[in-house]
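*Asks:* Take a look and give me a structure for this.
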Amino acid sequence: MTARPAPDPITLELVKNALDAIVDEMAIALVRTAYSNNLKNSMDMSCALCDAEGRLIAQGLTLPLHLGSVPDAMAAVQAKFGGKIRPGDVFILNDPFEGGTHLPDFYIMKPIHVGA
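*Replies:* Down below sits the predicted model:
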């Protein structure tokens, strides 16, 4: 197995900032469209971008409390729907036993399919 060359530090920083901007735009869209005062005023939400295995890649400038359970929520969706996920699918999870924190919290996950 050949070693992969180290990424260019400038390119790495540009990609990191682009991923952070995507997640912050997710948070802004939630705040702008929310009816809940908890979301609008206290930003009691979290936004994240994960890879195909459910590992956290980027997180938004919101409340990071929920992010600890994101990998469990992603694993629960993958365990149930793993081979059947198609472009356009959206998953909503609020089960406290499968990654959710408590019933008022919802995880909304939309897979990104490259080339679809």
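
*Asks:* Assign P5 to helix, strand or coil.
*Replies:* Secondary structure state of P5, per DSSP: H, G, I helix; E, B strand; the rest coil, is coil.

*Asks:* tell me, how many neighbours does it end up with?
*Replies:* Neighbour count for P5, taken as other Cβ atoms under 10 Å: 6. Every residue, glycine included, has its C-beta placed from N, CA and C.

*Asks:* From M43, how far out is it?
*Replies:* Using Cβ to Cβ, to the nearest Å, we find P5 at a distance of 40 Å from M43.

*Asks:* Ok, R86 next?
*Replies:* R86 is 32 Å from M43, where distance means Cβ to Cβ.

*Asks:* Looking at those two, which one has more neighbours?
*Replies:* More neighbours surround M43 than the other of R86 and M43, with 17 against 9 (other Cβ under 10 Å).

*Asks:* That one and T62 touch, don't they?
*Replies:* Yes - if you go by Cβ atoms under 8 Å, M43 and T62 touch, sitting 4.9 Å apart.

*Asks:* Overlap in contacts, the two.
*Replies:* The contact sets of M43 and T62 overlap at A27 (Cβ atoms under 8 Å, 6 or more residues apart in numbering).

*Asks:* packing partners for the longest helix seen in the chain?
*Replies:* As assigned by DSSP state H, the longest helix anywhere in the chain is helix 9-33. Under the contact criterion of 3 or more Cβ pairs under 8 Å, 6 or more residues apart in numbering; DSSP states H and E, helix 9-33 touches helix 37-42, strand 48-50, strand 56-59.

*Asks:* So what sits opposite the spatially most central residue of the chain in the bridge?
*Replies:* With distances taken as Cα atoms, centre = their mean, the residue of the chain nearest its centroid is A48 (3.0 Å). Beta-bridge partners recorded for A48 (DSSP bridges): Q59.

*Asks:* if I look at it, how far off is P64?
*Replies:* 9 Å.

*Asks:* Point to the helix or strand of the chain where mean pLDDT is at its lowest.
*Replies:* The helix or strand of the chain with the poorest confidence is helix 37-42; it has a mean of 82 (mean pLDDT, DSSP states H and E).
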